[in-house]
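Colleague: Got a sequence here, can you model it:
(chains A, B, C and D)
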There are 2 protein chains.
Amino acid sequence: MATIKDVAKEAGVSITTVSRLLNNNNYISDSTRKKIRDAMKRLDYHPHQIARALSKKQTHILGLILPDSSHSFFGQLIKAIEMTAQSKDYKILLCNSLNDKEKELSYINMLKENRVDGIIMGSHALDLDAYKTIKKPLVTFDRYIDDTIPYVASDSYTGGQLATQHLIDQGCKQLLHISGPLKLSTFANRRADGFKLTCIENHIAYDIIESEYTKLSYSYFYQFIETTISSYLHKIDGVFCSNDILAYALYVYCIKHNINVPERIKIVGYDFCRFSRMLKTPRLTTIAQPIDLIGQILSKSLIDLIEKKETYNQQLSVKLIKGETT
Amino acid sequence: MATIKDVAKEAGVSITTVSRLLNNNNYISDSTRKKIRDAMKRLDYHPHQIARALSKKQTHILGLILPDSSHSFFGQLIKAIEMTAQSKDYKILLCNSLNDKEKELSYINMLKENRVDGIIMGSHALDLDAYKTIKKPLVTFDRYIDDTIPYVASDSYTGGQLATQHLIDQGCKQLLHISGPLKLSTFANRRADGFKLTCIENHIAYDIIESEYTKLSYSYFYQFIETTISSYLHKIDGVFCSNDILAYALYVYCIKHNINVPERIKIVGYDFCRFSRMLKTPRLTTIAQPIDLIGQILSKSLIDLIEKKETYNQQLSVKLIKGETT
DNA sequence: CTGAAAGCGCTTACAG
DNA sequence: CTGAAAGCGCTTACAG
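Modeller: Take a look at the predicted model:
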């Protein structure tokens, strides 16, 4: 492939001058500008971004670490992140951590070695300290690390409230919440707080059961319901699930066991991801997160952090989607 | 960050020797090996892969262009591709083309400028000639370009046959196939061939209607059914849909309009992607593509092409999944 | 407005 | 087994 040197020779100018054109430097006459442009055309020149990255000490690449791109929620998030980044001329290096400690650590290391300009962290398998030592622009999705690291999250506390209040408004007297692992400092866990407080305020009896966050598949959730949740079902009349896949698995379990939904048990999910948006049999009652907006803001925040050194957190609002399971 | 120069000084050896260690060159004594290792530890040294890429003329980065990462099928494909690449020490630069000509072209250009070692092409918005001029290791998903460019695809012809024969075996007399745009030279269109031939062999009346491939969303498909397909429904008793989202949209349409499925109309989908795997109300009858395997082989083929210059095509087998819509 | 030279952090013949 | 030097393809002060 042609290099800047070839172009310089072809155009009869110095390398420096060609570089000026590449960098939109204005100190360049129209005539030489044209000569260089023509030479580039003739040689089919493509600037070598890797070489440029080395001398400029910036790659214009963003690292993105997520649990699982095949999950409906993350697939949608990736798209919004990538397209926003692309519009600002950044590229995305994608990493599937599967919520595995080792994998996450080795991805972080890989991203450092490749000198990405910044990292979007949507996977949370490590302890907080591990993130503090990254020493690179970093934005997290849904997790608070410290005041120097901005996060983007949706308002899970309100989400929990909305879901719970809705169940109560529909007449439920005994509620259950199936949460993710509560030891993690993710904002998602504030859904459980919203649930709890709303139950207490309304003098409603409640239980909370934790599921594993590492396994996000339908089959894991279904099995979890069979082994752990099923014994609770006789005594409750409303369930707030921490995600839509789980909610749908619970719905299917109920149908199979002749437990009428919503008459006998009402179900509320969380996310309103692409799966639940498509699902019409039944339409799930759920709390909608603005997934596309979250992705856009994640990209935008990271790029602002890289370019302007600005840091700020964002908490986005959620809303109740009334379906047929309540 | 520490450089190879710092390490050399700290260890009291030359840069060349440190580089040897980095490249697993064996001509290095155990004692200096240890000295260098210790120095690296002390300085928390991370090799600069971008600098290395520049001198070695290989980035160990693969470009991946797909229509839409938020689509259930592609989300799953990405995961398999990325994880396989990762296991062989390659990284993935992800691009969402949205099946847009301009975007696809600009992504190809970007990947060239970033000197990726190869490209996996899962988006097909451009004319064949555009791909022939890429001059980089290239593997396509589901499209034949020429004999120098390997492809990975599943056996769509057999898939079309299986689906159609199944509908006939279930007693259908008047079939409809809703295909993607047939002008594209994708293997997916061989589903339509399999459909047609099987109908003819069995003396079954049939129609084929094309949908747009660029729009893969549920809402587009539903609307398409309302405007274009609905008028056919009175005269047919079986439909073979070219993907599961479309099949589900058709199912929902039928339910809403009191057309019994499978009694009055039988429906077969295609893909058995994550969405249809999860869907239990109803379980869709569909043709399963081995999505994870496709992703693994895409990565593996491209890496083989890069490292061993080997080229070969792969056609993977599909199977019928009997659900409740037939 | 333009060019020569040093440098970004590595690798790779070449010589010993 | 080890090192000095040139080179990968750019950018960036510096000087004019």
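Colleague: for chain A, which spans come out with low pLDDT?
Modeller: A:213-214 (pLDDT under 70).
Colleague: Show me what from it comes close to DNA strand C.
Modeller: Contact residues (Cβ under 7 Å from any atom of the strand) of chain A with DNA strand C: A:13-17, A:20, A:26-29, A:31-32, A:51, A:54-55, A:57. Every C-beta, even on glycine, is put in place using the N, C-alpha and C of the backbone.
Colleague: Relative to residue A:49, how far out is the nearest residue to residue A:141 once chain neighbours are set aside?
Modeller: Nearest residue to residue A:141, sequence neighbours excluded (Cβ to Cβ, 6 or more residues apart in numbering or on different chains): residue A:122, at 4.1 Å. Distance of residue A:122 to residue A:49, computed by Cβ to Cβ, to the nearest Å: 26 Å.
Colleague: So which bits of the helix or strand harbouring residue A:193 are buried?
Modeller: Per DSSP states H and E: residue A:193 is located in helix A:190-201. For helix A:190-201, the neighbour count (16 or more other Cβ atoms under 10 Å in any protein chain shown) marks A:190-192, A:194-196, A:198-199 as buried.
Colleague: what does stretch A:124-142 give?
Modeller: Within stretch A:124-142, the residues scored as buried using 16+ other Cβ under 10 Å are A:124-125, A:131, A:134, A:137-142.
Colleague: and what of stretch A:17-37?
Modeller: Neighbour-count burial for stretch A:17-37, counted by 16+ other Cβ under 10 Å, picks out A:17-21, A:32, A:35-36.
Colleague: what does stretch A:110-122 give?
Modeller: A:110-112, A:114-122.
Colleague: how distant is it from the center of its chain?
Modeller: The chain centroid and the centroid of stretch A:110-122 are separated by 16 Å under Cα atoms, centre = their mean, to the nearest Å.
Colleague: got it, and stretch A:91-111?
Modeller: Stretch A:91-111 sits 14 Å away from the centroid of its parent chain (Cα atoms, centre = their mean).
Colleague: now the end-to-end length of it.
Modeller: Stretch A:91-111 has an end-to-end distance of 13 Å (Cα to Cα, to the nearest Å).
Colleague: what sits against the residue nearest to residue A:141?
Modeller: Contacts for residue A:122 (Cβ atoms under 8 Å, 6 or more residues apart in numbering or on different chains) come out as A:64-67, A:74, A:77, A:140-142, A:298.
Colleague: Save the residues you listed as JSON lines, and put in distance to residue A:237 and secondary structure too.
Modeller: Shown next, in JSON lines, are the contacts of residue A:122 (distance: Cβ to Cβ, whole Å; DSSP: H, G, I helix; E, B strand; the rest coil):
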{"residue": "A:64", "distance to residue A:237": "41", "secondary structure": "strand"}
{"residue": "A:65", "distance to residue A:237": "40", "secondary structure": "strand"}
{"residue": "A:66", "distance to residue A:237": "36", "secondary structure": "strand"}
{"residue": "A:67", "distance to residue A:237": "32", "secondary structure": "coil"}
{"residue": "A:74", "distance to residue A:237": "32", "secondary structure": "helix"}
{"residue": "A:77", "distance to residue A:237": "33", "secondary structure": "helix"}
{"residue": "A:140", "distance to residue A:237": "37", "secondary structure": "strand"}
{"residue": "A:141", "distance to residue A:237": "34", "secondary structure": "strand"}
{"residue": "A:142", "distance to residue A:237": "30", "secondary structure": "coil"}
{"residue": "A:298", "distance to residue A:237": "38", "secondary structure": "helix"}
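Colleague: PyMOL command to pick out the buried ones of those?
Modeller: Buried members of these, defined by 16+ other Cβ under 10 Å, are picked up in PyMOL with:
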select buried, chain A and resi 64+65+66+67+74+77+140+141+142+298
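Colleague: and the contacts of residue A:122 as JSON lines, adding distance to residue A:268?
Modeller: As requested, the contacts of residue A:122 are arranged in JSON lines below (distance: Cβ to Cβ, whole Å):
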{"residue": "A:64", "distance to residue A:268": "30"}
{"residue": "A:65", "distance to residue A:268": "30"}
{"residue": "A:66", "distance to residue A:268": "25"}
{"residue": "A:67", "distance to residue A:268": "23"}
{"residue": "A:74", "distance to residue A:268": "22"}
{"residue": "A:77", "distance to residue A:268": "22"}
{"residue": "A:140", "distance to residue A:268": "26"}
{"residue": "A:141", "distance to residue A:268": "22"}
{"residue": "A:142", "distance to residue A:268": "19"}
{"residue": "A:298", "distance to residue A:268": "26"}
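Colleague: So which of the contacts of residue A:122 is the closest to DNA strand C?
Modeller: Nearest to DNA strand C among the contacts of residue A:122: residue A:65, at 22.5 Å, using Cβ to the nearest atom of the strand.
Colleague: so the closest one makes contact with residue A:100?
Modeller: No: with contact defined as Cβ atoms under 8 Å, residue A:65 does not count as touching residue A:100 (11.1 Å).
Colleague: Any idea how many residues pack against residue A:304?
Modeller: For residue A:304, the neighbour count with other Cβ atoms under 10 Å in any protein chain shown is 18.
Colleague: The residue of chain A found nearest chain B: what's it in contact with?
Modeller: Residue nearest to chain B within chain A: residue A:75 (3.3 Å; Cβ to the nearest Cβ). By Cβ under 8 Å, 6+ apart, the contact list for residue A:75 reads A:69, A:274, B:69-72, B:74-75, B:78.
Colleague: again with residue A:11
Modeller: A:18, A:32, A:35-36, A:38-39.
Colleague: of all those, which two lie farthest apart?
Modeller: Greatest spatial distance in these: A:18 and A:38, 12.2 Å, computed using Cβ to Cβ.
Colleague: isn't residue A:190 right next to residue A:157, touching?
Modeller: Yes: using Cβ under 8 Å, residue A:190 is in contact with residue A:157, at 4.2 Å.
Colleague: buried ones in the helix or strand hosting residue A:175?
Modeller: Here residue A:175, judged by DSSP H and E, is contained in strand A:174-179. Across strand A:174-179, burial judged by 16+ other Cβ under 10 Å covers A:175-179.
Colleague: Likewise for stretch A:182-189?
Modeller: For stretch A:182-189, a neighbour-count test (16+ other Cβ under 10 Å) marks A:186-189 as buried.
Colleague: Repeat that for stretch A:265-281.
Modeller: Using 16+ other Cβ under 10 Å as the test for burial, stretch A:265-281 gives A:265-280.
Colleague: Is it in proximity to chain B?
Modeller: Yes: using Cβ under 8 Å from any Cβ of the partner chain, we find that stretch A:265-281 touches chain B at A:274-275, A:277-281.
Colleague: how about a markdown table for the residues you listed, with distance to DNA strand D and secondary structure added?
Modeller: Putting the residues of stretch A:265-281 next to chain B into a markdown table (distance: Cβ to the nearest atom of the strand, whole Å; DSSP: H, G, I helix; E, B strand; the rest coil) gives the following:
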| residue | distance to DNA strand D | secondary structure |
| --- | --- | --- |
| A:274 | 40 | helix |
| A:275 | 44 | helix |
| A:277 | 43 | helix |
| A:278 | 45 | helix |
| A:279 | 49 | coil |
| A:280 | 52 | coil |
| A:281 | 55 | coil |
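Colleague: Skipping adjacent residues, who's closest to residue A:305 in space?
Modeller: Looking at residue A:305 with Cβ to Cβ, 6+ apart, the closest residue is residue A:137, at 4.5 Å.
Colleague: who's in contact with the one you found?
Modeller: Residues in contact with residue A:137 (Cβ under 8 Å, 6+ apart) are A:117-119, A:302, A:305-306.
Colleague: In CSV: the contacts of residue A:11, plus distance to DNA strand D and secondary structure.
Modeller: Formatted as CSV, those follow (distance: Cβ to the nearest atom of the strand, whole Å; three-state DSSP):
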residue, distance to DNA strand D, secondary structure
A:18, 7, helix
A:32, 12, helix
A:35, 17, helix
A:36, 12, helix
A:38, 17, helix
A:39, 12, helix
